[in-house]
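In: give me coordinates for this.
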Amino acid sequence: MLLRDVEYGDLDAYVRMRCDPVMMAELGGPLPRDGIEAKVRRDVQRTEAGTDWTKMIVPDEAEPTVVAGLVTLWPHDSDTGSFSEIGWMVLPEFQGRALGKRAARSLLELAREDGRWGLVHAFPATTNPPSNGICRALGFRFLGEEDVPFADRLLRSNHWVIDPRTDLV
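Out: Residues are numbered from 1 along each chain as shown. The predicted structure is shown next:
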């Protein structure tokens with residue numbers, strides 16, 4: 001597995017991840033196709049600027065054009081202050097291969113080496129056993145359930161936190 005920075009050419013992968021009812025079932029349903037180009041552009045620009053890390057998951061280094069999903073780490077502002085948040089998505093045909101777990105672990109290892117991200121939070125839907133399992137397996141601590149805004153929706157999520165410097169399993 002290889003993680004590489006998001007590129008403008010990743011538009012098709014974004015459409016498959018964000019506009020598909022199955023992929024977005026745990027995130028309140030598919031997003032409209034309009035606006036996906038702008039999302040890719042923002043992610044590329046923020047990754048190039050170093051403010052966010054959006055990495056595409058390439059399952060086989062020998063086939064660098066094949067993308068299985070993404071993992072991302074970004075600073076997040078809320079009513080209670082700023083914190084770092086991680087999220088991931090794996091396309092259906094690549095699920096069940098531990099790619100999401102390996103990608104999240106790799107990004108958290110990079111965050112540990114970088115040192116600027118501090119505590120990292122994750123908010124998978126309460127009804128998403130695979131993503132909650134990844135949090136559990138990597139050493140995140142469960143803080144409880146809460147309603148989290150996402151794409152003009154309110155999602156019931158589990159709140160997890162990890163300190164990549166000390167807690168990463």
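
In: and the strands in this structure, which stretches?
Out: Under the criterion DSSP state E, strands of the chain are mapped to 2-5, 53-58, 69-78, 81-90, 120-122, 141-150, 153-162.

In: just give the nearest non-adjacent residue to P64, would you?
Out: Among residues not flanking P64 along the chain, V58 sits closest, at 5.6 Å (C-beta to C-beta, 6 or more residues apart in numbering). For every residue, glycine as well, the C-beta is placed using N, CA and C.

In: residues in contact with the one you found?
Out: By C-beta atoms under 8 Å, 6 or more residues apart in numbering, the residues touching V58 are M1, L2, L3, R4, P64, V66, V67, A68.

In: make it 7 Å
Out: Neighbour list for V58: M1, L2, R4, P64, V66, V67 [criterion: C-beta atoms under 7 Å, 6 or more residues apart in numbering].

In: hmm, the fifth one is touching I57, no?
Out: So the one you mean is V66. No. Under the criterion of C-beta atoms under 7 Å, V66 makes no contact with I57, lying 9.8 Å away.

In: who's more crowded, these two?
Out: I57 (27 against 13; other C-beta atoms under 10 Å).

In: isn't the more buried one right up against L3?
Out: Yes. Contact criterion C-beta under 7 Å: I57 and L3 qualify, at 6.4 Å.

In: now the lengthiest helix in the chain: buried residues?
Out: Assignment by DSSP state H gives helix 99-114 as the longest helix of the chain. Of the residues in helix 99-114, L99, G100, K101, R102, A103, A104, R105, S106, L107, L108, A111, R112 count as buried by neighbour count, 16 or more other C-beta atoms under 10 Å.

In: quick check, pLDDT for P149.
Out: On the pLDDT scale, P149 is placed at 87.

In: can you pull out the low-pLDDT segments for this protein?
Out: Within the chain, not a single segment meets pLDDT under 70.
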